[in-house]
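*Asks:* Predicted model and sequence follow; I will ask about them next.
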Amino acid sequence: MTAHTPRILTDGETALMAAYDNAQPTGHTKARTAAINALRELGLPTRRIEAFHYTDLRALLRGQYQIAERPSQEDARAIGTGFPRLVDDASVLHFRDGHYFDWGDELPKGILVDAQLPVPTGADDAVAQINTAFASSGASITIQANAEVEKILGIAHAHTGAANTIAAMRTSIVAESGSSCRLIDRAVGKNDVFYLHSSVVDLDIKDHATVNYVLSIEEGDAAQRLAQFNVKMGKQTTLNLFILNAGGKLVRQEINFDVLGEGANLNISGVNLVGGEAHIDVTSRITHHAPNTNSQETFRNVTTGRGRGVFQGQINVRQAAQLTDARMACNTLLLSDDCDFSAKPELEIFADNVQCAHGATVTDIEESYMFYLMARGISETRARRMLIKAFVAEIVDELEEEPLIEALERRIDIWMEQHV
Amino acid sequence: MVAVQETIDTVKTLDIDQYKYGFSTDIESEKAPKGLDEDTIRFISAKKGEPEWMLKWRLEAFARWKTMTEPDWARVAYDKIDYQDIYYYAAPKNFEDGPISLDEVDPELLRTYEKLGIPLREQEILAGVVKPATEDAAREEDLGDNIYKSGRVAVDAVFDSVSVVTTFREELAKAGVIFCSITEAIKDYPELVQKYLATVVPVTDNFFATLNCAVFTDGTFVYIPEGVRCPMELSTYFRINEQNTGQFERTLIIAEKGSYVSYLEGCTAPQRDENQLHAAVVELVAMDDAEIKYSTVQNWYPGDENGKGGIFNFVTKRGDCRGKNSKISWTQVETGSAVTWKYPSCILRGDGSRGEFYSIAVSNGMQQVDSGTKMLHLGKNTTSRIISKGISAGRSSNTYRGQVSVGRRADSARNFTQCDSLLIGDQCGAHTVPYIEAKNKEAQLEHEATTSKISDDQLFYCLQRGIPEEEAIALIVNGFVKEVIQELPMEFAVEAQKLIGISLEGSVG
């Protein structure tokens, strides 16, 4: 990768540095200092850095920033009412503007939570560095060994609407061996408010554990989100990850998977809705380190308005990872004249006895389908929405949890009403 | 898995000493002093008797090159090149006094070509390559048959840096086709050269292209006038011969309105210890309804089993479909070179234009290949098709890197991309890095890539029917690359199959 040379900071970079210098965040000082110094020295990545080829943070990350203060109890509670829950029956860890609120939710049996900012590790790029430098709070979650937790644990972040603020949090989750759990991680925020939400999740899945994870990104339409989701998978583990991207002006969601244990099984699916002026980037990196592992990744993208969608998906198969089966698909609908979509599905293979494949398509809605529906008296808008819904619902329906599917589809409907 | 293990073993035993074309010819040559500065460029320009504007152009490029840095984004690793330790000009001595007849050609040189199987002499070509001309000449679509129709091949042979001899010139002249070395073109057709040179690959395009602009020594110039279907396949054989000589070829092909040309490029190089740099630039321009078919078989010395020696092949190839309904098709078979950095591309500017890229890249030993294409859809109704087959064996690394981009105004653009990789052995790597960029909603892009080994099922099927293992693997590999081989002109297809055989000798029959 091209090395940066020290240079003049952009307005965005200057604003970030000033936000740090003004607030002087405490705790984990060493890691914070290292992260902010790295940012100061290298600056934000430009498109010359391969991993940021389509998301030039130096150009895109603009604005005034200050670290969000802890909101009042009333404000913190009030914001939640504006966003109906995805599922009713869940225990929730509440975060507001990057700060943790304990409202006495009873935790499901088998789950322990320590509501402290976990020790930041591995700030390998600007997204992680910003989080390390600015994180206000977080939680360490442990799913106890062999616990089969039925009840869903929610991790909910809401931004209360203080403009020009940075809300940063970090979650560390350990699914101990033999455990199983279901998690919903959701980020919401008001429209028309400029804020930066930084989130890092470290998920460590120990041998024979199963994790079902839903990540629902519903940031406000002026918001920036820089997030990382890092997973380590042990032997015979399963991770089912679903991602919905339905908000934010600038979203960079990195998802990194280290498949370390034999027989691990990774399923990733996602729906990215890119409309208005949004720039939404999902960058995925799957590294198969161990033999006999599987990964499937499917993304459906809908791009409209002046939206800019990016999907980068790298599958890396190390030499030891014989008998890997890795598959990836990225299908995109382009609906308007001013939107665009860039995909970079990448294969990097060092083992010979493997099956790897990726496919990517970009297209508009099939006219004959439209004709079929319109010939039956369905209005053009409705026909379009039906077809888009069908295109993404295929992915959502695989979740096999009726109330959740309905809630997510509702969210998709809302997006379509605004953008299609 | 036994079969595969044996394949690996045989591939391992494949010594580079088997490199068929690893010989060198002793001919005195005249060199520019080692190193690169303005004087070197003046020397080259003077040697070639170039007009003042050309020298000025070269010097400007050189000034620009000095400010540029070598690209490092490709997945290749090699020792830093010392650009001051290379000879930038070497001409076989006895060609100094301009074109001469074949009889005067150094017999040693002719023997070299003979070893390579180049049909240099006209009579040889007539005797050897003529094929029944039964096809309906009006069937313009049927490109593969063109070789049958004409039954001849014109060769503009390049030995090191100077065009040795050009055949068939008269017949081509009758059709109005200009087929000569770029040096002659600069002298004889300056207006054409000035009009088109560096309009497809700008002088400042990239590090290696800019270097080429400054120091290119020779190359081919082809001009097909309006409405002319080139009466024969045009072919250039490149051959790197002199030790430490950078070979900087420059090719410019212009197909005027409604014309057609098929151009073949084949490369072999003698075995050498020191790395040799090759930084060629190829520019194609297709006007309205014109078609250019450019085929390459590349088999330069890949280095020994430890990766020592071998050619560095850093080539910029680009075609510009400038006119409506024009078509440019690249077909390449890459079996040689230590390091390959090559992306034959198409700029689909004209409405309805079409770009094609068919590639087979075989890597063995310590070879590193980073190759692919760019299809830039700018005009309406443009279409492109990419078929790439990578086969890696030994400790090699084989990367497909391709870009398909559809511009805002490229309504109804279509692309289909297929990249398949085959791994033989567990020490090699196969990588696929596609960039797909759509800026128009009417775009229809499809990309698919697979990586696998020779499947046990396929092998079992063959073995069960009594086909020996080696033959079975050959069969499967041939099947794997068939789609691309089919795109090559007949005799090239045969050569390509031979080369793939040599490259994977042991594993492929």
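*Replies:* Nice, thanks for sending it over. Not measured: the values here are computed from a predicted model.
*Asks:* any idea where the helices of chain B begin and end?
*Replies:* B:2-13, B:38-47, B:52-66, B:107-116, B:122-129, B:146-150, B:169-175, B:182-188, B:190-196, B:207-215, B:456-464, B:469-485, B:490-503 (DSSP state H).
*Asks:* And the pLDDT for residue 135?
*Replies:* Answering for chain A, as no chain was given. Looking at A:Ala135, its pLDDT stands at 93.
*Asks:* let's do chain B instead
*Replies:* We have a pLDDT of 37 for B:Glu135.
*Asks:* Now do the SS call for A:Ile79.
*Replies:* For A:Ile79, the assignment made with DSSP: H, G, I helix; E, B strand; the rest coil gives helix.
*Asks:* That one contacts A:Ala162, correct?
*Replies:* No. With contacts counted by CB atoms under 8 Å, A:Ile79 stays clear of A:Ala162, the gap being 10.7 Å. To be clear about C-beta, it is placed using only N, CA and C from the backbone, and glycine gets the same treatment.
*Asks:* rank the helices of chain B by pLDDT, which is bottom?
*Replies:* The weakest mean pLDDT among these belongs to helix B:122-129, with a mean of 32.
*Asks:* residues in contact with B:Ala410?
*Replies:* By CB atoms under 8 Å, 6 or more residues apart in numbering or on different chains, the residues touching B:Ala410 are B:348, B:377-380, B:382, B:439-440, B:443.
*Asks:* which ones among these are found in strands?
*Replies:* The strands, defined by DSSP state E, take in B:348, B:377 from the contacts of B:Ala410.
*Asks:* Which of A:Ile79 and A:Ala162 has more residues huddled nearby?
*Replies:* A:Ile79 (19 against 15; other CB atoms under 10 Å in any protein chain shown).
*Asks:* That one: what's it in contact with?
*Replies:* A:96, A:158-161, A:190.
*Asks:* go again using 10 Å as the cut-off
*Replies:* Taking CB atoms under 10 Å, 6 or more residues apart in numbering or on different chains as the criterion, A:Ile79 is in contact with A:71, A:96-97, A:158-161, A:188-190.
*Asks:* Can you say which two of these are spatially most distant?
*Replies:* A:Pro71 and A:Val188 (14.1 Å; CB to CB).
*Asks:* Name the residue in those two with the higher neighbour count.
*Replies:* Set A:Pro71 next to A:Val188 and count neighbours by other CB under 10 Å: A:Pro71 wins out with 23 against 20.
*Asks:* Spatially nearest residue to residue 307 (excluding sequence neighbours)?
*Replies:* Going with chain A. Among residues not flanking A:Gly307 along the chain, A:Val274 sits closest, at 3.7 Å (CB to CB, 6 or more residues apart in numbering or on different chains).
*Asks:* ah, I was thinking of chain B
*Replies:* B:Met366 (3.0 Å).
*Asks:* Relative to A:Val354, how far out is that neighbour?
*Replies:* 22 Å (CB to CB, to the nearest Å).
*Asks:* So for those two, which residue has more residues nearby?
*Replies:* A:Val354 (25 against 20).
*Asks:* per-residue confidence at the nearest residue to that one once chain neighbours are set aside?
*Replies:* In space, A:Val354 comes closest to A:Thr324 once its chain neighbours are excluded; the distance is 4.4 Å by CB to CB, 6+ apart. A:Thr324 carries a pLDDT value of 94.
*Asks:* Repeat that for B:Pro92.
*Replies:* So B:Pro92 comes in at 55 (pLDDT).
*Asks:* burial measure for the residue of the stretch 151-300 of chain A found nearest chain B, as a count.
*Replies:* Of all residues in the stretch 151-300 of chain A, the one sitting closest to chain B is A:Pro291 (11.6 Å; CB to the nearest CB). By other CB under 10 Å, the residues close to A:Pro291 number 17.
*Asks:* right, and the secondary structure at it would be what?
*Replies:* Applying three-state DSSP: A:Pro291 is coil.
*Asks:* Angles on the backbone of the closest residue to it other than its chain neighbours, please.
*Replies:* Among residues not flanking A:Pro291 along the chain, A:Gln322 sits closest, at 4.8 Å (CB to CB, 6+ apart). Dihedral angles of A:Gln322 (phi, psi; degrees, to the nearest 10) stand at phi -70, psi 160.
*Asks:* So in terms of bridging, what pairs with B:Ser359?
*Replies:* B:Gln332, B:Ser388 (DSSP bridges).
*Asks:* er, A:Ile166 I mean
*Replies:* Bridge pairing for A:Ile166 - DSSP bridges - gives A:Ile67, A:Leu196.
*Asks:* Report how many residues lie close to the residue lying closest to B:Gly402 once chain neighbours are set aside.
*Replies:* Distances taken as CB to CB, 6+ apart place B:Gly372 nearest to B:Gly402, at 3.7 Å, with adjacent residues excluded. Residue crowding around B:Gly372 was assessed by other CB under 10 Å; the count is 26.
*Asks:* distance of B:Gly372 from chain A?
*Replies:* B:Gly372 sits 12 Å away from chain A, going by CB to the nearest CB, to the nearest Å.
*Asks:* In this structure that residue contacts B:Lys317, no?
*Replies:* No. B:Gly372 lies out of contact with B:Lys317 (CB atoms under 10 Å); the separation is 11.4 Å.
*Asks:* Quick check: neighbours shared by these two?
*Replies:* B:342-345.
*Asks:* List the ones among these that fall in strands.
*Replies:* Using DSSP E, these in strands are B:342, B:345.
*Asks:* how about the shared contacts of B:Gly372 and B:Lys317 in CSV, adding distance to A:Glu367 and neighbour count?
*Replies:* CSV is the format used below for the shared contacts of B:Gly372 and B:Lys317 (distance: CB to CB, whole Å; neighbours: other CB atoms under 10 Å in any protein chain shown):
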residue, distance to A:Glu367, neighbour count
B:Lys342, 39, 26
B:Tyr343, 34, 20
B:Pro344, 34, 25
B:Ser345, 31, 24
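*Asks:* how close does the residue of the stretch 151-300 of chain A closest to chain B sit to A:Gly263?
*Replies:* A:Pro291 is 9 Å from A:Gly263, by CB to CB.
*Asks:* Over to A:Gln24?
*Replies:* The spacing between A:Gln24 and A:Gly263, counted by CB to CB, is 47 Å.
*Asks:* neighbour count winner among those two?
*Replies:* Using other CB under 10 Å as the criterion, A:Gln24 and A:Gly263 rank with A:Gly263 on top: 19 against 9.
*Asks:* which SSE is A:Ala34 in?
*Replies:* helix A:29-42 (DSSP states H and E).
*Asks:* tell me what that helix is packed against?
*Replies:* For helix A:29-42, the contact count by 3 or more CB pairs under 10 Å, 6 or more residues apart in numbering or on different chains; DSSP states H and E identifies helix A:11-23, helix A:126-134 as packing neighbours.
*Asks:* relative orientation of it and helix A:11-23 in degrees?
*Replies:* Using axes from the mean of the first three to the mean of the last three CA atoms, to 10 degrees, the direction of helix A:29-42 lies 150 degrees away from that of helix A:11-23.
*Asks:* tell me which residues in helix A:29-42 are buried?
*Replies:* The neighbour-count check on helix A:29-42 (16 or more other CB atoms under 10 Å in any protein chain shown) flags A:31-32, A:34-36, A:38-40, A:42 as buried.
*Asks:* Identify all contacting residues around that helix.
*Replies:* A:3-7, A:9, A:13, A:16-17, A:20-21, A:24-26, A:28, A:49, A:119-121, A:123-126, A:128-135.
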